[in-house]
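# everything below, folded, please.
(2 chains)
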Amino acid sequence: MAKVDIKELNVWFKENHVLKDVSLAIKEHAVTAVMGPSGCGKTTLIRAINRMNEIIGGSRTSGAVYLDGKNVYDEDTNVYELRRKVGMVFQKPNPFPKSIFENVAFGPKIHKIANGKKLDEIVEESLRGGALWDEVKDRLNDSAFSLSGGQQQRLCIARALAVEPEVILMDEPCSALDPAATAKIEALIRELSEKYTVIIVTHNLQQAARVSDFTAFMYMGKLVEYGDTTSVFENPKSELTEKYITGKFG
Amino acid sequence: MSRLLDIGLEQLTTMVYKMGEVAEKAIGISVRGFMEGKDVTRDVNELSEILVTMTVEIEEKTFELIVKYQPVASDLRIINSYMKIAYDFERYGRYAWDISFTHKKLSSLENCALSWDSMERLVEKVSEMVSKSIRALKDHDVELAKTLAETEKEVDEIFFKYIDQLAESPTQTKCAMCNLLVARFLERIADHTTYIGEAIVYIATGEKVTLR
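Coordinates of the predicted model:
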């Protein structure tokens, strides 16, 4: 069974029909990349998984998104619990104006997952999971803003891990980073897929090819192609995918 | 607006087509020299050396395109296949040289009392396959590429029967050795035409087929 099973999903923002009948079964413990030109709906697609689109006024959704077989759009869904299970990392690192420790501890505290010694353990484990522990273990009380851009992004990943998610959504997580920081995040994404289901939106085709097991290509709100990454990049089935990845349009 | 990669692909394509022409010429001179009993080693060696150099140049070009543009899909298939085809053309050249050298070293027609029927058919079939492989490459003609497999079967059949015939000619040792080796080189050229055919199918369809 797919970890996340998207069925005939449609999303509108007011009159704008952004996602059109998208169906996509996302495999557990794998990295799935979603690529496509600007405005194709890829960010809307991943934000539909943890109902983040609802934060934007005027959004409307039809269809279903099943997480472990349960439709997240069912009325009895606890949206806060959903967002704990389905964490998100954004394009620009967005640490809270707090210490490194507090950034990671924030989620477990508000979700009442842990406090005291247990909280210390979760912070360490999450920072290790975010491949940041060794770089910050001696300065946990420093401001998160004292970190470099790449470190801040890994802190945001650690912050997402601290609430024990099952799925991690990443929206262009490396677009604001230099090549060295990007390489670290990409290696981290591969590691994370051993424990979590990772869905990453990226404009960077080579990044999609490097980090993902499966790739989805979207165009004008529709899913054009979805398959294992090597096949999509070596021998795409759709002419549109071929043109997009070879830079003949978009 | 064309892509920067297109300029490089065009250069690569020109290099590969040019190499095909040189390889075909080398085989043509070599088999003609053999059938007519002429020593053509010098001419064939020169072309074979050119093909070795061209292989290196094509390999460098493909690496440049990969490093600069990280090609995918049909671009990647073309680059990957052209690198392989360049190797096949290099082998055409090498076998052409082997044929001319073997002939020079071991035999001449006037000393040979063996039947030439099989050898003539081999030369005809293999020369036809070489031309077809180059034509199919230039036209990216999948159907023509696939016909190479049929002819290759015929070549194998002639070759294996010819081995039996040569084995029954104990008094013609040198001549039999020469013809056996030349037949083997021709059979190997035929194999390489099918490798080129496979690469053409892969470029056009993305399918990895075996045509042998």
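
# show me where chain A dips below the pLDDT cut-off.
A:250 (pLDDT under 70).

# once you drop chain neighbours, what's closest to the closest residue to chain B within it?
In chain A, the residue that lies nearest chain B is A:Asn235 (2.9 Å; Cβ to the nearest Cβ). The C-beta positions use only the backbone N, C-alpha and C, and glycine is treated the same way. Distance criterion Cβ to Cβ, 6 or more residues apart in numbering or on different chains; nearest residue to A:Asn235, sequence neighbours excluded, is B:Gly206 at 2.9 Å.

# A:Asp213 versus that neighbour, what's the distance?
To A:Asp213, B:Gly206 is 20 Å away according to Cβ to Cβ, to the nearest Å.

# with B:Thr210 instead?
When B:Thr210 is compared with A:Asp213 (using Cβ to Cβ), they lie 28 Å apart.

# go on, B:Glu46?
51 Å.

# the more surrounded of these two?
A:Asp213 (16 against 13; other Cβ atoms under 10 Å in any protein chain shown).

# quick one, phi psi at the residue nearest to the more buried one when sequence neighbours are not counted?
Spatially, and ignoring its direct neighbours in sequence, A:Asp213 is nearest to A:Ala30 (4.2 Å; Cβ to Cβ, 6+ apart). The phi and psi values for A:Ala30, taken as degrees, to the nearest 10, are phi -140, psi 160.

# what's the burial count for A:Ala30?
Considering only other Cβ under 10 Å, A:Ala30 is surrounded by 18 other residues.

# sorry, back to before: which ones are touching the residue of chain A closest to chain B?
Each residue near A:Asn235 by Cβ atoms under 8 Å, 6 or more residues apart in numbering or on different chains is listed here: B:Ala73, B:Arg77, B:Gly206, B:Glu207.

# follow the chain on from the helix or strand where the second one lies and name the next helix or strand.
B:Arg77 is part of helix B:73-106, with elements assigned from DSSP states H and E. Proceeding N to C from helix B:73-106, the next assigned helix or strand is helix B:117-139, under DSSP H and E.

# what about B:Leu144, how many neighbours?
Counted with other Cβ under 10 Å, B:Leu144 comes out at 16.

# grab the nearest non-local neighbour of it.
With Cβ to Cβ, 6+ apart, the residue lying closest to B:Leu144 is B:Ala136, at 4.1 Å.

# then A:Ile245?
B:Val72 (4.9 Å).

# would you mind writing the CA trace of stretch B:143-156 as CSV?
The C-alpha atoms that make up stretch B:143-156 are tabulated as CSV, following Å, rounded to 0.1, in the frame of the first residue of the first chain:
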residue,chain,number,x,y,z
GLU,B,143,13.7,-0.6,-39.2
LEU,B,144,16.9,-0.7,-41.3
ALA,B,145,18.9,-1.2,-38.1
LYS,B,146,16.8,-4.2,-37.2
THR,B,147,17.4,-5.9,-40.6
LEU,B,148,21.1,-6.1,-39.7
ALA,B,149,20.2,-9.0,-37.3
GLU,B,150,18.9,-11.1,-40.2
THR,B,151,22.0,-10.6,-42.4
GLU,B,152,24.2,-11.3,-39.4
LYS,B,153,22.5,-14.7,-39.0
GLU,B,154,23.3,-15.4,-42.7
VAL,B,155,26.9,-14.4,-42.1
ASP,B,156,27.3,-16.7,-39.1
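
# now the strands: where do they sit in chain A?
A:4-13, A:16-26, A:31-35, A:59-67, A:70-71, A:86-89, A:167-171, A:197-201, A:214-219, A:222-228 (DSSP state E).

# my read: A:Leu192 touches A:Val167, true?
No - here A:Leu192 lies out of contact with A:Val167, judged by Cβ atoms under 8 Å, at a distance of 10.6 Å.

# what sits in contact with each of those two?
With Cβ under 8 Å, 6+ apart, A:Leu192 and A:Val167 have common neighbours A:Val198.

# run through the bridge partners of the residue nearest in space to the middle of chain A.
Geometric centre of chain A, nearest residue: A:Leu169, 1.4 Å, by Cα atoms, centre = their mean. Going by DSSP bridges, A:Leu169 is paired in beta bridges with A:Met88, A:Ile199.

# gap between it and A:Thr44?
Taking Cβ to Cβ, one finds A:Leu169 at 12 Å from A:Thr44.

# contact residues of chain B facing chain A?
Residues of chain B lying close to chain A (Cβ under 8 Å from any Cβ of the partner chain) are B:Arg3, B:Leu5, B:Gln70, B:Pro71, B:Val72, B:Ala73, B:Ser74, B:Asp75, B:Leu76, B:Arg77, B:Gly206, B:Glu207.

# show me how to select, in ChimeraX, the buried members of these.
Those of the residues of chain B next to chain A that count as buried under 16 or more other Cβ atoms under 10 Å in any protein chain shown are selected in ChimeraX with:
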select /B:5,71,72,73,74,75,76,77,206
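
# out of the residues of chain B next to chain A, which comes closest to A:Ala158?
Closest approach to A:Ala158 among the residues of chain B next to chain A (Cβ to Cβ): B:Gln70, at 30.4 Å.

# quick check, pLDDT for whichever residue of chain B sits closest to chain A.
When distances are taken as Cβ to the nearest Cβ, chain B reaches nearest to chain A at B:Gly206, 2.9 Å away. B:Gly206 is assigned a predicted lDDT (pLDDT) of 94.

# hmm, it is touching B:Ile78, no?
No - B:Gly206 is not in contact with B:Ile78 according to Cβ under 8 Å; the separation is 11.3 Å.

# how about the residues of chain A that lie near chain B?
A:205-206, A:209, A:233-236, A:241-242, A:245-248.

# so what's the residue lying closest to B:Ile78 once chain neighbours are set aside up against?
Leaving aside its sequence neighbours, B:Ile78 sits nearest to B:Ile203 (Cβ to Cβ, 6+ apart; 5.5 Å). B:Ile203 is in contact with B:Ser74, B:Arg77, B:Ile78, B:Ser81, B:His140, counting by Cβ under 8 Å, 6+ apart.

# wait, what's in contact with the third one?
Meaning B:Ile78. B:Leu9, B:Leu12, B:Thr13, B:Ile203 are the contacts of B:Ile78 under Cβ under 8 Å, 6+ apart.

# give me the nearest residue to the residue nearest in space to the middle of chain B, chain neighbours excluded.
When chain B is reduced to its mean C-alpha position, the nearest residue by Cα atoms, centre = their mean turns out to be B:Tyr92, at 3.5 Å. Once flanking residues are discounted, B:Tyr92 sits nearest to B:Ala23: 3.9 Å by Cβ to Cβ, 6+ apart.
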